[in-house]
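> Need a 3D model of the sequence below.
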Amino acid sequence: MARPKARELADLSDLAQPGAEIAVRVTPRSAYNAVVRRGDVIKVLVTTVPEGGKATADVQALLARALGLAPSRLELRRGAAARDKVFAIRNGD
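Below is the predicted model:
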């Protein structure tokens, strides 16, 4: 799958600690892809439609880029079918 291009990509590298959980609010069917950070709130906007896990996969890819990690290091903990999702950072084995 091609990496989604982002109009705005917040630097979240300070959150990239193994075992950390990151809560995000997802906006599917957005006009553009972006990761926006306002205080403690992280919003991920994706142009993808929320069907068959496509939007979640794009959210994972964009969030990983913002964190400076490989997408395989992020694990979805909660919110597979919800707009509020929680990802955990796996240890880099």
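
> For the lowest-mean-pLDDT helix or strand in the chain, report the contacting residues that lie outside it.
Lowest by mean pLDDT, DSSP states H and E among the helices and strands of the chain is strand 8-9, with a mean of 89. Contact with strand 8-9 is made by 32, 34, 35, 36, 62, 65, 66, as judged by CB atoms under 8 Å, 6 or more residues apart in numbering. Placement of C-beta: from N, CA and C, glycine included.

> The helix or strand that the fifth one is a member of - contacts with which helices or strands?
Right, the one you point to is residue 62. Counting by DSSP states H and E, the element that carries residue 62 is helix 54-67. On a contact count with 3 or more CB pairs under 8 Å, 6 or more residues apart in numbering; DSSP states H and E, helix 54-67 meets strand 8-9, strand 21-27, strand 34-38, strand 41-45, strand 74-78, strand 84-89.

> Could you tell me how far the closest residue to residue 54 other than its chain neighbours is located from residue 74?
Leaving aside its sequence neighbours, residue 54 sits nearest to residue 48 (CB to CB, 6 or more residues apart in numbering; 4.9 Å). The gap separating residue 48 from residue 74 is 17 Å, by CB to CB, to the nearest Å.
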